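**Q** I'd like to go over a predicted model; first the sequence, then the structure.
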Amino acid sequence: MSLSRFFPPIGLWPRPLQWVGLVAGSVGLAALLFAAGLPAALLLGPMAAGIAAGVGGATIRVPDPLAIAAQAIVAMLIASAITPGIVGTFLSDWPLFIAIVATTIIASSSLGYVMSRRRILPGTTAVWGSSPGAASAMVLMAEAFGADARLVALMQYLRVVMVAGSASILAGFFVDLSGAPRPETVWFPPIDAAAFGGTVAVAVIGTLIGRVSRIPSGTMLVPMVVGAALHATGTLAIQLPEWLLSIGYALIGWRIGLGFTHAIVRHAARILPHLILSIAVLIAFCGGLALLLVHLLGVDPLTAYLATSPGGMDSIAIIAAATPVDISFVMALQVVRFFLIVLLGPSIAGFIARRIHASEHSH
């Protein structure tokens with residue numbers, strides 16, 4: 001007798017029960033990963049549960065307001081790392097920072113161009129999907145240029161998962177905490193009303209401004225910039241209790257995981273090995289850049305790897321916050337790349353897309 005008679009796929013469950021299953025699976029996986037000491041367990045657990053549910057046909061989705069709220073939470077987490085030291089870190093070696101970011105963008109764009117020219121993906125899909133960051137902006141721009149937004153989303157989400165997973169594994173490999181007592185996690189710390197209220201106010205107002213202004217990724221970019229400016233000048237002491245961060249992590253993990261529906265995976269099954277290979281090549285390329293940082297600046301390997309990881313800035317921020325690395329250096333390079341991707345990425349991708357179209361029409 002088939003077990004599916006008693007345990008039908010999650011997509012056939014009532015929606016409230018799907019949420020119960022997703023939450024239960026997320027808690028269980030996060031607890032296992034957390035007990036194993038894996039960095040970013042509170043992100044990767046819900047992400048893994050979301051992928052399983054999405055592939056199983058789950059019909060639930062994280063509502064946009066909650067997804068935006070989660071982005072705002074992580075934006076404030078990133079902002080809390082922006083100190084006068086991070087500005088000094090960037091200014092002291094800004095040519096190297098710009099060179100590494102520009103090299104990453106060129107490498108990712110070249111991968112997308114090659115995949116498009118070889119017709120591994122239709123049209124200009126690979127150009128948009130290969131961009132190392134600003135995923136939502138890339139998906140929207142891809143639709144405007146007639147690319148397959150589903151495959152672009154798959155490439156972006158798959159890259160985020162692979163980057164987060166490889167960074168977490170590497171962090172666990174480099175950071176040996178077996179001989180040291182594990183710091184106790186305070187889930188419900190005392191709340192400073194002024195600091196917490198100011199943090200929430202900046203997140204909410206910044207998100208609203210970002211949404212109304214229609215700046216690409218503005219719902220994350222605006223609160224991050226404003227929060228960073230206030231925090232770096234000592235105007236605002238950003239306070240993010242662990243319980244709030246955990247909610248943000250779970251929402252981000254679900255948003256990414258639930259995007260992997262069975263239909264999208266089936267649609268991309270043929271070219272999935274190519275996608276994985278292209279992402280692996282980009283991750284390896286950025287790993288080479290990390291080695292360059294180690295040799296040129298004497299940065300520790302884990303800090304260099306997290307700093308150069310291609311995309312998934314929120315995931316990298318979570319991992320960096322959970323490991324003993326130079327978070328100012330990591331976020332300086334990640335923030336510079338994020339800003340340049342948001343400002344220049346669509347234009348670069350559009351330029352390459354037009355070159356591909358021109359080349360195709362000339363033959």
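**A** Structure's in. What do you need?
**Q** tell me, how many neighbours does Ala269 end up with?
**A** 9 (other C-beta atoms under 10 Å). Every residue, glycine included, has its C-beta placed from N, CA and C.
**Q** and the pLDDT for it?
**A** pLDDT, Ala269: 82.
**Q** same question, the one 5 residues further on
**A** The confidence metric pLDDT takes the value 89 at His274.
**Q** how distant is the longest helix along the chain from the center of its chain?
**A** In the chain, assigned by DSSP state H, the helix with the most residues is helix 327-361. Relative to its chain's centre, helix 327-361 lies at 16 Å (C-alpha atoms, centre = their mean, to the nearest Å).
**Q** using the three-state scheme, assign the closest residue to Ala49 other than its chain neighbours.
**A** Of all residues not flanking Ala49 in the chain, Gly25 sits nearest, at 3.8 Å (C-beta to C-beta, 6 or more residues apart in numbering). With DSSP: H, G, I helix; E, B strand; the rest coil as the basis, Gly25 sits in helix.
**Q** where does the stretch 251-363 of the chain have low pLDDT?
**A** 342-343, 345-346, 360-363 (pLDDT under 70).
**Q** what segments of this structure are strands?
**A** Applying DSSP state E to the chain gives no strands.
**Q** ok, the residue nearest the centre of it - contacts?
**A** The chain has Gly312 as the residue nearest its centroid, 2.3 Å off, counting by C-alpha atoms, centre = their mean. Applying C-beta atoms under 8 Å, 6 or more residues apart in numbering to Gly312 gives the contacts Gly133, Arg159, Val160, Val163, Ala164.
**Q** please report how far the second one lies from Cys286.
**A** Meaning Arg159. 11 Å (C-beta to C-beta, to the nearest Å).
**Q** same question, Ile252
**A** Ile252 sits 21 Å away from Cys286, going by C-beta to C-beta.
**Q** quick one, which of those two is more surrounded?
**A** The neighbour comparison of Ile252 against Cys286 (other C-beta under 10 Å) goes to Ile252, with 27 against 23.
**Q** leaving out chain neighbours, which residue sits closest to the more buried one?
**A** In space, Ile252 is closest to Ala70, 5.0 Å off (C-beta to C-beta, 6+ apart).
**Q** my guess is that neighbour contacts Arg255, does it?
**A** Yes. With contact defined as C-beta atoms under 8 Å, Ala70 reaches Arg255; the gap is 7.1 Å.
**Q** between those two, what contacts are shared?
**A** Common neighbours of Ala70 and Arg255 (C-beta under 8 Å, 6+ apart) are Val62.
**Q** name the residues that touch stretch 82-91?
**A** Contacts of stretch 82-91 (C-beta under 8 Å, 6+ apart): Phe97, Gly227, Ala228, Ala229, His231, Ala232, Ser328, Phe329, Met331, Ala332, Val335, Val336.
**Q** surely Ala164 touches Ser315?
**A** Yes. Using C-beta under 8 Å as the test, Ala164 is close enough to Ser315 to be in contact (4.0 Å).
**Q** and the nearest residue in space to Gln239 that is not next to it in sequence, how many neighbours?
**A** Counting by C-beta to C-beta, 6+ apart, Gln239 lies nearest to Ala195, which is 4.1 Å off, once chain neighbours are set aside. Residues near Ala195, counting by other C-beta under 10 Å, number 14.
**Q** kindly report the same for Val281.
**A** Quick note: Val281 (other C-beta under 10 Å) scores 13 neighbours.
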